[in-house]
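**Student:** Sequence plus the predicted model coming up.
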Amino acid sequence: MRDFDSLTDHPVLEEMVNIICKKTQNQNRNFFRVEVAYFLAKMASTMRARIKTKDRGDIPVNIYALGLATSGFGKGHSVSIIEDYFMDGFKTRFIEATLNEISDKNLLKLSTNRSIYKNTDQAAELQGLEKEYAQAGPYPYTFDSGTVPAVKQLRQKLLLADAGAINLQIDEVGSNLLANTEILNTFLELFDKGKTKAKLTKNTTDNSRGQDIDGPTPANMLLFGTPSKLLDGGNTEDMFFEFLQIGYSRRFLFAWGVHERSSNKMTAEEIYKDLIDPNSSSMVDVISKSFTQLADPMNHMWTMTLPDNVAIELVEYRILCESEADRLPEHCEMEKTELNHRYFKALKLAGVFGFIDQSPEISMDNLYHAINLVQSSGADFKTLLSREKAYVKLAKYIAAHDQELTHADLTEALPYYKTGNAARQEIMTLATAWGYKNNIIIKKSFTEGIEFFSGEALNETDLDKMMFSYSEDYATEYQSETQPFENLHLMTQAEGYHWCNHRFVGNHRRGDNVIEGFNMIVLDVDGKASRDLVHEMLRDYTFMTYTTKRHKEDGTGPDRFRVIMPLKYELHLNKDDYTQFMNNIMEWLPFSIDEEANQRERKWLTNHLGQHHYNIQGTLLDPIRFIPKTSRNEFHKAQMTELKDLNSLERWFAERMVMGNRNNQMIKYALALFDTGMLYPEIETRVTDFNQKIDNPLSDNELQHTILRTIARKTAKTEP
């Protein structure tokens, strides 16, 4: 098997795609390749081209294709180009001449055979067949909707004619899928051999059943439209994936279009020259005339053999695809099905190329050209399966809106937002969970019994762009700036400045002027804990501390300093939410801080005589669980309630205790007590009490011979 990367497109298909790309000013070739392949298959199957194989008998040539692309991609324009410029000559000649010639011969043949079998008059049989053929109506070369009885009537007409194909072509498939479910079920049967079972109807004098004719009628299908309409997260998407599950995943060639504008790389003059390129017009004429020749009755029932070497290469491709499918997990059912049947789609497509080449056999190049397109189809199928789920769309929709949304707003705007309370709770829970993992927070609140939702897409904090404002004045002229975190000491150690972690409208520091948006918090530790203790408690986080003017380096007074902690995400909180956010953090911390830190407009003084300390190696503080009205905050509050019998320091370590590290956290707790200057007897009492409060406490023996022994030794070293 040749390397897939070395495979190329069929020359005719490639030339057509080149022209379409120029005319539509869209360079996304994969989408147009699948589209062109469908139209080439329409010609081949209309002339009843078939492949004669040694292992499966005769295989009709036909294609099912699905193309999805955003509005403005050029889907409709490209179809018009193919139908009006390339295919019109073939269609006109077939309908106006070839079909009549072939059908006349076949009706005569059928009437002769029936007269022999039934011992009846041949002229009478012919007259009856001609009447049945005429009553089926004109041949619809392409149709965009229909009923199952109509499809079966058309199939009967084509069996009488022994020519033509059933061609379904649905634009805006997302809007039209549900209305065509019955006909799509019928097309499931028609793909492989062009056969479907007849429906039994009651025979009456007014409505007599016609005599069934056994034989194939090849069918082609092109469904195209926008992904947003088809993959709407509602009933349409559910039905579509049900169709994929029951068989269309193995039948479709898939195309997923991403608009690649020529204007991104070309000037207006170059684009205009492309649009009027005379070489393109000449090539269109050449291809159109060659296609018109394909409608010659001499090409009817064009049969191509499958040589042994090409058949073996096809089996090799099947084995490769099956091996890849076997490596997929069991739950990837559709992916497995699509992979296991790629070889059959490649065989049919190779037959299309063989008919275009007017070759009596499938060449190795025909097969390789087909495999190349089928591989691209498989890649686009994976893109389709990785679509955004409904709850992902919901999370993004809420985050994209500045105002609060109600259930009524969501129901009106989103087709996948169901009306049932259980369904709403489920999708909102999933959206919230997905948002948490993907930097989107969803807030929930109640006002007069009405539930409101709001959201925000979080941007990760860039440590080189820490946000703050500063001024030499107490209230005015606050200048906004961003600086690398590691340079913040240049600001905090400057002389005579006031600074804030927010910016202000008009540079005037007051509550009403706060501009939402901050990426660090400031904690004012005013004599409640030592620097060493705080440094130890926060060692897992990135932070900076600097001492204030009231701090005494000689140790004659308590430590007075500020802690600056960068957050993992930039947040935008209003006044009330910020206050609650900081209150939640204060409740979580293992040491006390100045409660005025919960004000957005709070300012701090710099200290050019102070000392600063950085801890760069830690992780950034994840603020999500502290943001009010979020599910994570509710969970955090529940945890804090469970630990309500513990003081703040005990809670800090209890949160971090899991099986396997209880001893490690307990010794850290004991050392934290020691760092506060506490004497051994009180430390022993505190440690013992804390151990009794936790789940799965340490044994008395382990407590005495590890934690307390360590503390006793440290206490002995510090005693005079």
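**Tutor:** Now that the structure is in, tell me what you want to look at.
**Student:** going forward, measure contacts and count neighbours with C-alpha atoms only.
**Tutor:** Noted.
**Student:** any idea how far L643 is from Y680?
**Tutor:** Computed as Cα to Cα, to the nearest Å, the L643 to Y680 distance reads 25 Å.
**Student:** Check G257 too.
**Tutor:** According to Cα to Cα, G257 stands 72 Å off from Y680.
**Student:** give the contact list for the residue lying closest to F86 once chain neighbours are set aside.
**Tutor:** The spatial neighbour of F86 that comes closest, neighbours along the chain excluded (Cα to Cα, 6 or more residues apart in numbering), is S288 at 4.6 Å. S288 makes contact with Y85, F86, M87, D88, G89, F90, according to Cα atoms under 8 Å, 6 or more residues apart in numbering.
**Student:** pull the longest strand from the protein.
**Tutor:** Longest strand of the chain, by residue count under DSSP state E: strand 560-571.
**Student:** Which strands and helices lie in contact with that one?
**Tutor:** When contacts are defined as 3 or more Cα pairs under 8 Å, 6 or more residues apart in numbering; DSSP states H and E, strand 560-571 sits against strand 459-460, strand 518-526, strand 543-547.
**Student:** Can I get it as CSV, trimmed to CA atoms?
**Tutor:** Provided in CSV are the C-alpha atoms of strand 560-571 (Å, rounded to 0.1, in the frame of the first residue of the first chain):
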residue,chain,number,x,y,z
ARG,A,560,3.1,44.0,59.8
PHE,A,561,3.2,43.2,56.1
ARG,A,562,1.1,42.7,52.9
VAL,A,563,0.7,39.6,50.8
ILE,A,564,0.2,40.0,47.0
MET,A,565,-1.1,36.8,45.4
PRO,A,566,-1.6,36.6,41.6
LEU,A,567,-4.8,34.7,40.6
LYS,A,568,-4.9,32.0,38.0
TYR,A,569,-7.6,34.0,36.0
GLU,A,570,-8.5,37.6,35.5
LEU,A,571,-11.8,38.3,37.1
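**Student:** That strand vs strand 518-526, what angle?
**Tutor:** Interaxial angle of strand 560-571 relative to strand 518-526 (axes from the mean of the first three to the mean of the last three Cα atoms, to 10 degrees): 160 degrees.
**Student:** Name the residues that touch strand 560-571?
**Tutor:** With contact meaning Cα under 8 Å, 6+ apart, strand 560-571 is reached by 458-461, 463, 466, 485, 516-527, 531, 541-548, 550-552, 620-623.
**Student:** More neighbours: G257 and Y680, which one.
**Tutor:** Between G257 and Y680, G257 has the larger neighbour count (other Cα atoms under 10 Å), namely 23 against 19.
**Student:** Grab the longest helix from the protein for me.
**Tutor:** If you go by DSSP state H, the chain has its longest helix at helix 364-385.
**Student:** what comes up buried for that helix?
**Tutor:** By neighbour count on 16 or more other Cα atoms under 10 Å, the buried set for helix 364-385 is 364-378, 380-381, 384.
**Student:** what do you get for stretch 224-236?
**Tutor:** Applying 16+ other Cα under 10 Å to stretch 224-236 flags F224, G225, T226, P227, K229, L230, L231, D232, G233, G234, T236 as buried.
**Student:** now, which of those lie within helices?
**Tutor:** P227, K229, L230, T236.
**Student:** and F254, that one's in a strand?
**Tutor:** Yes - counting by DSSP: H, G, I helix; E, B strand; the rest coil, F254 is found in a strand.
**Student:** can you pull the contacts of it?
**Tutor:** Taking Cα under 8 Å, 6+ apart as the criterion, F254 is in contact with V34, A65, L66, G67, S377, G378, D380, F381.
**Student:** switch to 10 Å and redo it
**Tutor:** By Cα atoms under 10 Å, 6 or more residues apart in numbering, the residues touching F254 are 30-31, 34-35, 64-68, 223-224, 373-384.
**Student:** One more: W604?
**Tutor:** By Cα under 10 Å, 6+ apart, the neighbours of W604 are 470, 474, 492, 497-501, 522, 524, 548, 562, 597.
**Student:** ok, N340 - how many residues close by?
**Tutor:** Neighbours around N340, by other Cα under 10 Å: 20.
**Student:** my read: it touches E324, true?
**Tutor:** Yes - contact criterion Cα atoms under 10 Å: N340 and E324 qualify, at 8.8 Å.
**Student:** any common contacting residues for these two?
**Tutor:** Overlap of the contact sets of N340 and E324 (by Cα under 10 Å, 6+ apart) consists of R318.
**Student:** Name the residues of the helix or strand of the chain with the lowest mean pLDDT that are buried.
**Tutor:** Ranked by mean pLDDT, DSSP states H and E, the weakest helix or strand in the chain is helix 268-275, scoring a mean of 75. Of the residues in helix 268-275, I271, D274, L275 count as buried by neighbour count, 16+ other Cα under 10 Å.
**Student:** Centre of the chain to that helix, how far?
**Tutor:** The chain centre lies 35 Å from the centre of helix 268-275; the measure is Cα atoms, centre = their mean, to the nearest Å.
**Student:** and after that helix, which helix or strand comes next?
**Tutor:** helix 278-294 (DSSP states H and E).
**Student:** between that following helix and helix 268-275, how big is the angle?
**Tutor:** Using the same axes, to 10 degrees: helix 278-294 against helix 268-275 is 20 degrees.
**Student:** For helix 278-294, the averaged confidence score.
**Tutor:** Averaging pLDDT along helix 278-294 gives 91.
**Student:** list the buried ones in it?
**Tutor:** Residues of helix 278-294 classed as buried by neighbour count (16+ other Cα under 10 Å): S280, V284, I287, S288, K289, S290, F291, T292, Q293, L294.
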